[in-house]
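A.B. asks: Whatever this is, show me its structure:
(chains A and B)
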Amino acid sequence: MTPRRKKRLSLVALVLLGVGGATALFLTAFQENLILYHSPTEVAAGKAPVDRTFRVGGLVKEGSVARSEEDLKVRFTVTDTKDDVAIVYDGVLPDLFKEGQGIVANGKLNGDGVFVAEKVLAKHDENYMPPEVAESLEKAGGKPPHSMARPEGN
Amino acid sequence: MIPELGTVALALALCVALIQGAFPLAGAHKGIAPWMAVARPAAMAQFGFVALAFVILAYAFAVSDFSVAFVANNSNTALPIYYRLTAVWGGHEGSMLLWSFVLALWTLAVAVFSRTLPAEFAARVLGVMGLVSIGFLLFMLLTSNPFERLSPVPAQGTDLNPLLQDIGMIIHPPMLYMGYVGMAVAFGFAIAALLGGRLDPAWARWSRPWVTVAWMFLTAGVALGSWWAYYELGWGGWWFWDPVENASFMPWLVATALIHSLAVTEKRGLFKSWTVLLAITAFSLSLLGTFLVRSGVLTSVHAFATDPARGVYILTFLGVVVGGSLLLYALRGPSTLGGSTFSKVSRETLLLANNVLLMVAMATILLGTLYPLVIDAMGGGKLSVGPPYFNTVFVPIMSVLMLLLGVGNLARWKQDSLGRLWRHLRLALAGAVVIGGGGAIMLASDTFAAKTAMVALGLILAVWVLITSVQSLWTQLSTKRSVAAGLGRLPAGAYGMVLAHVGLAVTVVGITMTTAFNVEERLRMAPGDTKELAGYTFRFEGVDRVRGPNYDAATGTFKVSHDGQQVATLQPEKRNYMSGGKPMTEAGIDAGLTRDLYASLGQPQSGEEGAWSIRLYHKPFVRWIWLGALFMVGGGLVALSDRRYRVTRRRKAEAPAGEAPAPAEGA
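C.D. replies: Got it, this is the predicted structure:
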């Protein structure tokens, strides 16, 4: 091999090593951190995994929010108008969290079919409907309340 | 009537941009000097028209002209004047105008400061920037005219999103856009070089200062965004791997790679094709960033605008830019190959590794950001990629990058030997391991024992970069006998490089310390309650009602004491803006060089009178994250003052363009 070819070959090897290492890293990390979304209907149908983090979303059911008087624990129900999911959460809820609001929660199902949320997300706009939630409502045949049908930012 | 003038100004700017895009490029191709000469006056005229449109929109905000839909949707008579003016870029249409304005500003700067460049080359750069401008002006006029009227005229405006009523809003978007759009200059230079078929060290030297300035703005913009999110979102986080943050971070990574690759192209005439590709990529990612943020395709805390038609336009535009420039690259790139050689162990190799790592980091972020969109578009369901993915991938890549950075600091151009490098680096390595590792062991208490390894890694890498950066100055001294004289003779570029690398070390220290030793507590507190956190005692005094200019706020008061001495009073707020029911959290922060004390209010709780849900944080060294960015910007500024660029300009004026040899000094 000429020195020039040798040099090129080692450069290519360097690039391959970097890309290969990153790909391996990427694939493992990616596998572990993909968070799927499931609608309340899917959860009720048993399609959601147990013991793996996923997202669930829907409207917070009117009258379902029960706060603890001692700590930050809170229980509420989200619905896609067809099925409901009971959620427990221990933490500070986002500013826009309220009954009737569309929210998305990250967490896991426990053995009793209750969703233990690690994070509750409500967007920083009261007119905003998380796209996942809008789709779930549509699929379930329900219509979002009028005030929430407006697209965000207009 | 006045808002219509704004539309007219935009239309005129578009006409001028068409001229600026057509004649100089055709003139440069056919060698017709008068056509090329059109470029400069066109750039100036275009700036005039876009600036006029910008001023008209600002005026509409200042006088609260709610007949303009964009003003009605983003302002309110109760809004203080400084927020009314900055509301110009508080929504989609206005931020597109800001983009165009910034592009016109950059174009003007190129027109003014390119007089020493060969006429043909300058004409091509300005022509390409004119083409980019056409894309954005047309976009505004077709899909998002900020001057569109509203009928009937509302009596009151909807108000600016409360999240944006903040000092961060005044400075963050202009900074970020200066950086984003600055990549258009790098792009213009690259395309001009491809068109002219001359990718040489002179070309690299011409574009370097421009890329450096754009990179500085981008650095400042990304850092400001992080700082803003930190105190405005009330979660105590400084980086969320949110798609919109990623959208600004990806161009930054590529711009950083570009700066390094340009250095090689200028010094050694190598990596030319690669450098051009980086310039194209950096600009494409800036456009992609706009697409991601502005089309609302993402589930993101930042997505303020939703309109698929706009998304389709930007995507098409992106396709034309990327496809067109890659096609040009394919056609013209290979003819410019060649140059000198370098050995496996050399600064070139290390800079190549830097580039590969930065691009791999960018690619993993790109995949993590776009994958959910692609799956969703193909009907595969909604999913998201959690932040741990980004951390898992990003930390190892950056660790290798910093390790090699230290070696690169001391490596010679062209040819070096492992033995020589080892002799020069072993002390630095020992120092880094002793200081960084020792520091980690000293810091690790029982509570944080599990994190010792991570802290050690972060600190060792930071100290390693710090030592080798300073050491690189020492090895460059022309005379070791008189250090002061030697230091004075070093080119500014050398100092700029050291400063920027020290900035990286500072940021890494900040990230490491904050991530490892952050203490947070989410709890319920009633007035009089105290909570101990990292040696500090937070006493909740209760919540008062306070009236702001256009909001009512519940202001909490926390007295924080340390060893029985009061050290700070934190006053987080929960604001309700009069214009709408969007409550806003304003964190109460006591900032310090070695720690921030941070409190934010959640919601009032039932039960005890005056009880709230509260977040408390002790964040060690969090300021260093942004302080490091400040160092990097400072480094860029110092590098710009390098004599080389001024000398070059004078030399250019005398000698025929581009034949001046690359200067040999500096790093």
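A.B. asks: By proximity to chain A, which residue of the stretch 51-200 of chain B wins?
C.D. replies: Using C-beta to the nearest C-beta, the single residue of the stretch 51-200 of chain B nearest to chain A is B:Leu163, 5.3 Å away. Using the backbone N, CA and C atoms, a C-beta is placed for each residue, glycine as well.
A.B. asks: what's the nearest residue to B:Pro3 if we skip its chain neighbours?
C.D. replies: B:Phe147 (4.4 Å; C-beta to C-beta, 6 or more residues apart in numbering or on different chains).
A.B. asks: scratch that, B:Lys344
C.D. replies: Closest residue to B:Lys344 apart from its sequence neighbours, by C-beta to C-beta, 6+ apart: A:Ser10 at 5.4 Å.
A.B. asks: List the backbone torsions phi and psi for the one you found.
C.D. replies: A:Ser10 adopts backbone torsions of phi -70, psi -30, taken as degrees, to the nearest 10.
A.B. asks: What separation is there between the residue nearest the centre of chain A and B:Thr569?
C.D. replies: Geometric centre of chain A, nearest residue: A:Arg55, 3.1 Å, by C-alpha atoms, centre = their mean. Distance, A:Arg55 to B:Thr569, using C-beta to C-beta, to the nearest Å: 39 Å.
A.B. asks: Also B:Met497?
C.D. replies: Distance of B:Met497 to B:Thr569, given as C-beta to C-beta: 42 Å.
A.B. asks: The two: who's more crowded?
C.D. replies: Neighbours per residue (other C-beta atoms under 10 Å in any protein chain shown) separate B:Met497 from B:Thr569, with B:Met497 holding more: 24 against 14.
A.B. asks: these two touch, right, the more buried one and B:Gly635?
C.D. replies: Yes. Contact criterion C-beta atoms under 8 Å: B:Met497 and B:Gly635 qualify, at 6.7 Å.
A.B. asks: sorry, back to before: kindly confirm my reading that the residue of the stretch 51-200 of chain B closest to chain A is in a helix.
C.D. replies: Yes. Per DSSP: H, G, I helix; E, B strand; the rest coil, B:Leu163 lies within a helix segment.
A.B. asks: List the residues that contact B:Ala45.
C.D. replies: When contacts are counted by C-beta atoms under 8 Å, 6 or more residues apart in numbering or on different chains, B:Ala45 is found next to B:Val16.
A.B. asks: swap the cut-off to 10 Å and go again
C.D. replies: The neighbours of B:Ala45, taking C-beta atoms under 10 Å, 6 or more residues apart in numbering or on different chains as the test, are B:Leu12, B:Ala13, B:Cys15, B:Val16, B:Ala17, B:Ile19, B:Gln20, B:Ala104.
A.B. asks: residues in the stretch 351-500 of chain B within reach of chain A, list them.
C.D. replies: With C-beta under 10 Å from any C-beta of the partner chain as the criterion, the stretch 351-500 of chain B meets chain A at residues B:352-353, B:355-357, B:359-361, B:363-364, B:367-368, B:371-372, B:375-376, B:380-397, B:400.
A.B. asks: if you set the cut-off to 6 Å instead, what comes out?
C.D. replies: Neighbours of chain A within the stretch 351-500 of chain B, by C-beta under 6 Å from any C-beta of the partner chain: B:Val356, B:Val360, B:Thr364, B:Lys382, B:Leu383, B:Ser384, B:Val385, B:Gly386, B:Pro388, B:Tyr389, B:Thr392, B:Val393.
A.B. asks: Just say helix, strand or coil for the nearest residue in space to the fourth one that is not next to it in sequence.
C.D. replies: Yep, that's B:Lys382 we're talking about. Once flanking residues are discounted, B:Lys382 sits nearest to A:Tyr37: 3.7 Å by C-beta to C-beta, 6+ apart. Secondary structure, three-state DSSP: A:Tyr37 is strand.
A.B. asks: Please name the bridge partners of A:Tyr37.
C.D. replies: Beta-bridge pairing for A:Tyr37 (DSSP bridges): A:Arg55.
A.B. asks: For the chain, give me the ranges with low pLDDT.
C.D. replies: Answering for chain A, as no chain was given. A:1-2, A:123-132, A:138, A:141-154 (pLDDT under 70).
A.B. asks: ah, I was thinking of chain B
C.D. replies: Applying pLDDT under 70 to chain B picks out residues B:294-308, B:311, B:334-340, B:379, B:446-447, B:478-480, B:580-582, B:646-667.
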